[in-house]
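# Here is my input; please provide its structure:
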Amino acid sequence: MAEGILGGLLGEDEERPEVEAPEGTAAAEAFAAAVAARLSANDPDVARETTAFLREQTRLLKIQSEHIEDEHALRMAHLHNQVKEENVRRLGLRLRVTIQLFAALIAIVLAIGLALMVHDAVTSRQVIIEPINTPPSLASDGLNGRALAAGLLDVLTNIQAASRSNVEHRNLSNAWTNEIAIEVPETGISIGQLQKLLRERFGHDQHIDGDLVRTSTGLELTVRGNGILAKTFEGKIDGVVRLLKDAGEYVYSQSQPGLWTAYLTNNNRYDEAIRFAKEAFNSIDPTERPYVLNYWANAVAIKGGPNAMVEALTLYREAVRLKPEYWSGYTNIMYALNGLGREEEEIRVGKEMMQAAGGRPGKAPESEYQNYDQMLSDLPAVYAAALSDLQSHGGVGTNGSGTGAESLYVANIEINMHDVEAASLRLKTTIVDEGNVVDWAQAATLRANIAEELENFEMAAKEWDKFARAYANPIVSTSNPQTLCGAAVTYEKAGQHSKADAALNAVGDLQFIDCYRGRGDVLDLRGDWAGAQEWYAKAVNLGPSIPWGYYSWGVALAKHGDLEGAAAKFKDANQRGPHWADPLKAWGDVLVKQGKPKEALAKYDEALKYAPNWKQLKEARAVIAQAKG
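Now for the predicted structure:
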């Protein structure tokens, strides 16, 4: 009992912390001394026994303390080992989680890859050239199946490159190009084979194959494909190249009718394009019909002739009806309206396209706004789009039918921005096909505009004479009938009055802003100011949303000393064509005459944003800036 009490008092319980043992031993010794002293006063025997007992207890406590100290070291070592084991266990858990995450990531990547492969398969519309079957006798001469398929692929690729179309080209390939040597686990097939299987199951690829056989007269090449009727082409033994070309054109026309129509049109084969479009339209895939209609209309318009633009406009509108987001269709509707003299309608169609595209910028590429921007004289935007088109189509572009037409078109924009050096350099570096009436007409127009910018009206008139000869060809006059009206003022300034009248009357019953304001300029030069103002008013009424009529009227008013009236017209022109430098420069000139140099300088600075290389503009600004300084 006493031992239990003492033990409780001295801290023998195992749950007590080890650090209390030395303190417990000291307390026991003190307690023993106190008890012995107390008892010795009463009974020496009791005192001796008590002292002995307490000493024994003290000895036991010391032994226990030593044991606890030894045990503490062991426990600490054990705890250190446990910490190490815990760290190792945690590291193992982390590695396991990392491996699991990595495996999950691989699974996700594989799932995404498979999903993409399925998506690509579902949306695949490739034209795949299978090896051509050939007899051993021809194969020994190098005419094996792969070589012939590669040759056919080259023909198709060249046609596609020459189509110069904004239509999305289909992918062309050989049957063996997708055999990627990565095995899919547990299947024994390659990734390429898996892709091929998926495309065959879910895709819309067209597979082209054929046979080459020797006949008594030469060779026969038969080509066929899914959705393509078999057709045989005959040729001589040494005429394989011609056979492949004929077969390639047939395959291309059947597999990509829209691009084939574009190819024929862009390579001046207008009658073939029109005939093909008429024959193929009802039998082709509905998704191809808008493209066929568009390039059918292009062929009609470029070929020209009576009512060509009316027919083309109908076809363009139908193309957009079938494909409401066919942006090139909108652009060509504006082109046809321009050729018919319905210029104010062009602005409305441009706004309709903008709305359908969800604003600007929106779904419609900026390049498709060229005709709309041209009507508003936003020359920097037209220039950027034309340059982009030229550069993205190998320096040829998609506008026009001549080999240099697009480059000359860009040069004419440069001269309209009064950049004589840039336009002259582009003219020098452009190969003009003098046998192509489109190139010839574009080059004559450019040279005339450069001469006019330099105020060499005699030279400009001679170049306009060249254009007038090209204008007799419907290919030139149908697409841009109003262009010759621009020559009228030049002829009048050169003293060639009859030619000026002939240029204005060349458009017949069609009505154009350029022709109306040009007639106003001619009448003004002849001293008929009242008649001139009447035609300027007609130009404004014909195109109230277009800046040209306002500008020409303003120039004439300034010439006659009506500075307030001129400034008002230049303001009107600027509101309708805010990125056109000419009204801003003319407005600045008026402000100078009104004694408002600060306002004039602001107009000049704004104009320089849109015609940064205009020599006369820079000179006018320098005079004002120097005077202010």
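
# list the buried ones in stretch 278-286?
280, 284 (16 or more other C-beta atoms under 10 Å). Every residue, glycine included, has its C-beta placed from N, CA and C.

# if we look at that stretch, which residues are touching it?
253, 257, 289, 292, 293, 296, 322 (C-beta atoms under 8 Å, 6 or more residues apart in numbering).

# was I right about the third one contacting residue 322?
Pointing back at residue 289 there. Yes: contact status for residue 289 versus residue 322: in contact at 5.7 Å, counting by C-beta atoms under 8 Å.

# Look at these two and report which has more neighbours.
Legend: neighbour count by other C-beta atoms under 10 Å for residue 289 and residue 322, higher for residue 289 (21 against 15).

# My reading is that the more buried one lies in a helix. Confirm?
Yes: membership of residue 289 in a helix is supported by DSSP: H, G, I helix; E, B strand; the rest coil.

# List the residues that contact it.
281, 319, 322.

# Checking residue 311 next. Helix, strand or coil?
Residue 311 - assigned by three-state DSSP - is helix.

# per-residue confidence for it?
With respect to pLDDT, residue 311 scores 97.

# Just to check, it is in contact with residue 300?
Yes: the pair residue 311 / residue 300 is scored as a contact, 5.2 Å apart, by C-beta under 8 Å.

# So which residues of the stretch 51-200 of the chain form strands?
Along the stretch 51-200 of the chain, counting by DSSP state E, counting those that start in this stretch, strands occupy 127-129, 172-174.

# Please name the bridge partners of residue 128.
residue 173, residue 207 (DSSP bridges).

# Tell me how far residue 91 lies from residue 99.
Residue 91 sits 12 Å away from residue 99, taking C-beta to C-beta, to the nearest Å as the criterion.

# whoops, residue 608 was the one
65 Å.

# Tell me which residue lies nearest the centroid of this structure.
residue 365 (7.0 Å; C-alpha atoms, centre = their mean).

# And that residue, its phi and psi?
Phi and psi for residue 365, reported as degrees, to the nearest 10, are phi -60, psi 150.

# who touches it in this structure?
residue 327 are the contacts of residue 365 under C-beta under 8 Å, 6+ apart.

# per-residue confidence at it?
Residue 365 is given a pLDDT of 92.

# any idea how far it lies from residue 519?
In terms of C-beta to C-beta, residue 365 sits 37 Å off from residue 519.

# Likewise for residue 110?
Residue 110 is 73 Å from residue 519, by C-beta to C-beta.

# which stretches of the stretch 201-350 of the chain form strands?
206-214, 219-225, 228-235.

# Ok, which of those comes nearest residue 475?
Taking C-beta to C-beta, strand 228-235 is the member of these nearest to residue 475, at 32.0 Å.

# before we move on, back to that, where among the strands of the stretch 51-200 of the chain is average confidence lowest?
strand 172-174 (a mean of 62).

# Which of residue 110 and residue 519 has more residues huddled nearby?
Between residue 110 and residue 519, residue 519 has the larger neighbour count (other C-beta under 10 Å), namely 25 against 12.

# helix or strand for the closest residue to the more buried one other than its chain neighbours, which one?
With sequence-adjacent residues excluded and distances taken as C-beta to C-beta, 6 or more residues apart in numbering, residue 519 is closest to residue 535, at 4.7 Å. When elements are assigned from DSSP states H and E, residue 535 belongs to helix 529-542.

# What average pLDDT does that helix get?
98.

# by contact count, what packs against it?
helix 513-525, helix 548-559 (3 or more C-beta pairs under 8 Å, 6 or more residues apart in numbering; DSSP states H and E).

# Tell me which residues of the last one come out buried.
By that I understand helix 548-559. So helix 548-559, judged by 16+ other C-beta under 10 Å, has buried residues 548, 549, 550, 551, 552, 553, 554, 555, 556, 557, 558.

# quick one, helices of the stretch 201-350 of the chain?
Taking DSSP state H, counting those that start in this stretch, the helices of the stretch 201-350 of the chain run over residues 240-255, 257-266, 270-280, 289-303, 308-322, 327-339, 343-356.

# out of the ones you listed, nearest to residue 148?
Going by C-beta to C-beta, the one of these nearest residue 148 is helix 240-255, 7.2 Å.

# Just the C-alphas of the closest one, formatted as CSV.
Extracted C-alpha coordinates of helix 240-255, given in CSV (Å, rounded to 0.1, in the frame of the first residue of the first chain):
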residue,chain,number,x,y,z
VAL,A,240,1.7,8.9,-121.1
VAL,A,241,2.0,12.5,-120.0
ARG,A,242,-0.9,13.6,-122.2
LEU,A,243,-3.0,10.7,-121.0
LEU,A,244,-2.3,11.6,-117.4
LYS,A,245,-3.2,15.3,-118.1
ASP,A,246,-6.5,14.4,-119.8
ALA,A,247,-7.4,11.9,-117.0
GLY,A,248,-6.4,14.4,-114.3
GLU,A,249,-8.6,17.1,-115.7
TYR,A,250,-11.5,14.7,-115.9
VAL,A,251,-10.9,13.5,-112.3
TYR,A,252,-10.6,17.0,-111.0
SER,A,253,-13.7,18.2,-112.7
GLN,A,254,-15.7,15.3,-111.2
SER,A,255,-14.2,15.4,-107.7
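
# Which elements pack onto that helix?
Applying 3+ C-beta pairs under 8 Å, 6+ apart, one finds that helix 240-255 contacts helix 145-162, strand 206-214, strand 219-225, strand 228-235, helix 257-266.

# Can you report the mean pLDDT over the residues of the longest one?
Computed over helix 145-162, the mean pLDDT rounds to 84.

# Now do the buried residues in it.
145, 146, 148, 149, 150, 151, 152, 153, 155, 156, 159, 160.

# With the shortest one instead?
Of the residues in strand 219-225, those buried by neighbour count under the rule 16+ other C-beta under 10 Å are 219, 221, 222, 223, 224, 225.
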